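> I need the structure of the sequence given here:
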Amino acid sequence: MAQIVKRAYKYRFYPTPGQAQELARTFGCVRLVYNKALEERTRAYTLEGHRVSYAQTSARLTEWKRTADLAFLNEVSSVPLQQALRHLQAAFANFFAKRAKYPAFKSRKKARASAEYTRSAFRWRDGALTLAKMDAPLNIVWSRLLPEGAEPSTVTVSRDAAGRWFVSLLVEEKIAPFAPVGPAV
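Sure, this is the predicted structure:
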């Protein structure tokens with residue numbers, strides 16, 4: 001009996017200067033939205049004593065985009081910004097379930113620079129991956145092949161401290177169990 005599992009495949013890629021600039025801007029906006037939402041939720045709980053939901057922070061993101069100070073949030077794809085709010089919601093859920101500490105602010109220097117794109121924010125055609133708000137596909141080094149007929153459901157783009165770029169593709173894969181062995185070891 002085969003089992004369907006989600007598996008991530010991580011590859012190195014080399015962005016063009018324009019892509020690198022767009023991704024760096026996206027990383028900064030994701031960090032800003034996460035930190036600003038965390039600050040608002042913390043302030044609302046400590047000063048007013050009420051919890052802020054994901055829907056309320058998502059509505060606040062729309063308000064932030066309309067202000068003159070944060071209008072630059074419209075220049076990047078909205079999907080990674082929404083994913084940052086979902087990650088914050090998961091962090092709070094883990095905190096309230098006593099599985100983790102209180103969520104911490106993301107540092108520009110210490111935090112991993114990454115952005116997560118869901119299916120609506122990227123195009124996958126013939127092994128070429130194009131992210132939202134980009135005109136050319138990423139130059140990915142295919143160190144191993146994806147499973148036959150696999151379609152990525154989520155793409156995470158990241159940059160490490162050494163300046164290397166990585167893309168992680170989350171795909172559903174069918175795993176067949178091993179055949180049973182007769183003799184015991």
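
> contacts and neighbour counts: CA atoms only from here.
Fine.

> could you give the mean pLDDT of stretch 134-152?
The average of the pLDDT scores along stretch 134-152 is 91.

> Relative to the whole chain's centre, how far out is that stretch?
17 Å (Cα atoms, centre = their mean, to the nearest Å).

> The most centrally placed residue in the chain sits in which helix or strand?
Nearest to the mean C-alpha position of the chain, by Cα atoms, centre = their mean, lies Glu116 at 2.0 Å. Per DSSP states H and E: Glu116 is located in strand 113-118.

> Check which helices and strands that strand is in contact with.
helix 17-43, helix 78-96, strand 154-159 (3 or more Cα pairs under 8 Å, 6 or more residues apart in numbering; DSSP states H and E).

> Would you reformat these as CSV and include distance to Phe72 and mean neighbour count?
Supplementary listing: those in CSV, determined by distance: least, Cα to Cα, whole Å; neighbours: other Cα atoms under 10 Å:
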stretch, distance to Phe72, mean neighbour count
helix 17-43, 8, 18
helix 78-96, 11, 18
strand 154-159, 20, 20
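
> May I see the ones you listed organised as CSV, with distance to Leu70 added?
Output for these, formatted as CSV (distance: least, Cα to Cα, whole Å):
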stretch, distance to Leu70
helix 17-43, 10
helix 78-96, 13
strand 154-159, 23
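
> Among the ones you listed, single out whichever gets nearest to Arg123.
Among these, the nearest to Arg123 by Cα to Cα is strand 154-159 (10.3 Å).

> in the strand holding Glu116, what's buried?
113-118 (16 or more other Cα atoms under 10 Å).

> for stretch 162-174, same thing?
Buried residues in stretch 162-174 (16+ other Cα under 10 Å): 165-173.

> For that stretch, list the C-alpha coordinates in PDB.
C-alpha atoms of stretch 162-174 as PDB (Å, rounded to 0.1, in the frame of the first residue of the first chain):
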ATOM      1  CA  ALA A 162      27.600  33.400   3.000                       C
ATOM      2  CA  GLY A 163      25.400  34.900   0.300                       C
ATOM      3  CA  ARG A 164      24.400  31.600  -1.300                       C
ATOM      4  CA  TRP A 165      20.900  31.400  -2.700                       C
ATOM      5  CA  PHE A 166      18.700  28.300  -2.200                       C
ATOM      6  CA  VAL A 167      15.200  27.300  -3.400                       C
ATOM      7  CA  SER A 168      13.200  24.600  -1.600                       C
ATOM      8  CA  LEU A 169      10.400  22.900  -3.500                       C
ATOM      9  CA  LEU A 170       7.700  21.100  -1.500                       C
ATOM     10  CA  VAL A 171       6.100  18.300  -3.500                       C
ATOM     11  CA  GLU A 172       3.800  15.400  -2.900                       C
ATOM     12  CA  GLU A 173       5.400  12.100  -3.500                       C
ATOM     13  CA  LYS A 174       4.100   8.500  -3.400                       C
END
